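Participant: Fold the following, please.
(one chain, ligands or ions: 1)
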Amino acid sequence: SRIVKAASAQMGPIPKSQSRKQAVSRLVAMMREAKGRGAELVVFPELAFTTFFPRWMIEDEAELESYYETEMPGPETAPLFEESKKLGVGFYVSYAELVNEGGRRRRFNTSIIVDRNGEIVGKYRKVHLPGHSEPQPGRVHQHLEKRYFEPGNLGFGVWRAFGGVMGMCICNDRRWPETYRVMGLQGVEMIMLGYNTPFDHTGHADIDGLTSFHNHLSMQAGAYQNSTWVIGTAKCGKEEGSSMVGQSVIVAPSGEIVAMAATLEDEVITANCDLDIGKRYRQTIFDFARHREPEAYRLIVER
Ligand code: CDT
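Facilitator: Below you'll find the model as predicted:
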């Protein structure tokens with residue numbers, strides 16, 4: 001067996017008034033708790049340093065840019081990296097990224113994997129951006145990710161770390177089978193992801209009423225069909241009037257949930273994740289080399 005002692009560190013709401021420094025100290029406290037329980041890797045939520053700002057139409061550029069990171073680590077996020085190195089605990093975290101690339105300012109919803117020495121080993125930019133680019137009339141909370149980010153341009157990579165093959169994605173990506181399959185084809189053994197999922201995310205009561213079910217359905221299916229562990233971490237609870245789903249989970253390659261958060265607050269859950277469980281699935285029912293029929297899938301990559 002190849003055990004990765006992993007934690008999901010769920011966050012309760014981050015109010016608009018909460019500083020990055022305060023958010024980072026919450027993350028550091030949970031990293032310490034995870035370490036105390038033997039974890040070597042902690043998965044934090046999507047956009048974990050600030051409130052979920054895409055819920056507002058923000059016209060003031062300076063205000064909008066205040067939510068983005070221009071360097072990672074930066075002065076306010078550095079304590080998380082220092083703690084990581086000190087404790088020997090790696091992590092996944094997501095943040096809004098502002099960069100000069102190709103001669104222009106670009107904004108992405110980004111995540112990184114940091115190893116046990118506090119060094120960044122992998123970077124991902126969210127591919128599936130939900131919501132709208134213009135405010136929608138009649139919505140209590142907007143969801144303007146399409147306005148504030150451009151689709152990720154790094155694809156779905158995997159990285160050798162923590163004794164296995166690690167992958168990542170962000171929130172809405174978890175609902176798309178292609179996300180998991182592209183990493184599955186690269187032999188991924190553990191996928192880390194963070195999410196912010198408001199209970200009113202579609203505006204249709206019949207769909208929104210199934211928010212918790214669809215949250216787990218997506219991650220459990222992705223794990224099973226690709227023989228991989230999935231660790232999904234929420235930012236949840238009532239944030240600035242928007243209620244968001246919790247139930248952060250650690251899902252085994254069997255598709256079974258082996259740990260789940262019980263609150264809508266800052267909460268650490270842990271599991272000993274044996275990467276060799278995935279191997280068993282990959283060598284039998286999901287032996288891609290023997291059983292896949294790519295010729296029949298061509299439509300998948302058509303526009
Ligand atoms: N953050 C994020 O991607 N949330 C979406 C819900 C919003 S859809 C308008 C999700 O898929 O959970």
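Participant: Only C-alpha atoms from now on, for both contacts and neighbour counts.
Facilitator: Will do.
Participant: Now for Q10, how many residues are close by?
Facilitator: Using other Cα atoms under 10 Å, Q10 has 32 other residues around it.
Participant: my bad, G103
Facilitator: G103 is surrounded by 7 other residues when neighbours are defined as other Cα under 10 Å.
Participant: List the backbone torsions phi and psi for it.
Facilitator: Backbone torsions for G103, taken as degrees, to the nearest 10, come to phi 70, psi 20.
Participant: Tell me the pLDDT of it.
Facilitator: Confidence per residue is given as pLDDT, and for G103 that number is 96.
Participant: I'd like the distance between it and the ligand.
Facilitator: With distances defined as Cα to the nearest ligand atom, to the nearest Å, the gap from G103 to the ligand amounts to 28 Å.
Participant: For that residue, give me its contacts.
Facilitator: When contacts are counted by Cα atoms under 8 Å, 6 or more residues apart in numbering, G103 touches no other residue.
Participant: residues touching whichever residue of the stretch 201-303 of the chain sits closest to the ligand, list them.
Facilitator: Here the residue of the stretch 201-303 of the chain nearest the ligand is H201; by Cα to the nearest ligand atom that distance is 4.6 Å. For H201, the residues meeting the contact criterion (Cα under 8 Å, 6+ apart) are 143, 208.
Participant: Just the pLDDT for it.
Facilitator: For H201, the model assigns a pLDDT of 93.
Participant: cool, and K146?
Facilitator: If you check K146, the pLDDT there is 98.
Participant: Next, count neighbours for it.
Facilitator: The tally of other residues near K146 (other Cα under 10 Å) stands at 16.
Participant: Now do the same for it: helix, strand or coil?
Facilitator: Three states are possible here, and by DSSP: H, G, I helix; E, B strand; the rest coil the one that applies to K146 is helix.
Participant: Any idea what the nearest residue to P13 once chain neighbours are set aside is bridged to?
Facilitator: Spatial nearest neighbour of P13, excluding adjacent residues (Cα to Cα, 6 or more residues apart in numbering): E239 at 4.7 Å. For E239, the residues forming beta bridges with it (DSSP bridges) are S242.
Participant: State the number of residues packed around E239.
Facilitator: Neighbouring residues of E239 were enumerated by other Cα under 10 Å; the total is 17.
Participant: Over to V140?
Facilitator: Residues lying near V140 (other Cα under 10 Å) number 13.
Participant: I figured A261 hits I250, correct?
Facilitator: No - using Cα atoms under 8 Å, A261 and I250 do not qualify as a contacting pair, with a distance of 9.3 Å.
Participant: More neighbours: which of the two?
Facilitator: Legend: neighbour count by other Cα under 10 Å for A261 and I250, higher for I250 (29 against 21).
Participant: Can you read off the backbone torsions of the more buried one?
Facilitator: As for I250, its main-chain torsions (degrees, to the nearest 10) stand at phi -110, psi 120.
Participant: That one: what's its closest spatial neighbour, skipping adjacent residues?
Facilitator: Spatially, and ignoring its direct neighbours in sequence, I250 is nearest to I231 (4.6 Å; Cα to Cα, 6+ apart).
Participant: For my notes, confirm that neighbour occurs in a strand.
Facilitator: Yes - secondary structure assignment (three-state DSSP) places I231 inside a strand.
Participant: and it, what is it in contact with?
Facilitator: The contact partners of I231, by Cα under 8 Å, 6+ apart, come to 8, 43, 190-193, 248-251.
Participant: so where's the stretch 51-200 of the chain uncertain?
Facilitator: The model of the stretch 51-200 of the chain has no residue with pLDDT under 70.
Participant: Tell me the secondary structure of the residue nearest to D173 when sequence neighbours are not counted, please.
Facilitator: Leaving aside its sequence neighbours, D173 sits nearest to H128 (Cα to Cα, 6+ apart; 5.3 Å). Look at H128: counting by three-state DSSP, its state is coil.
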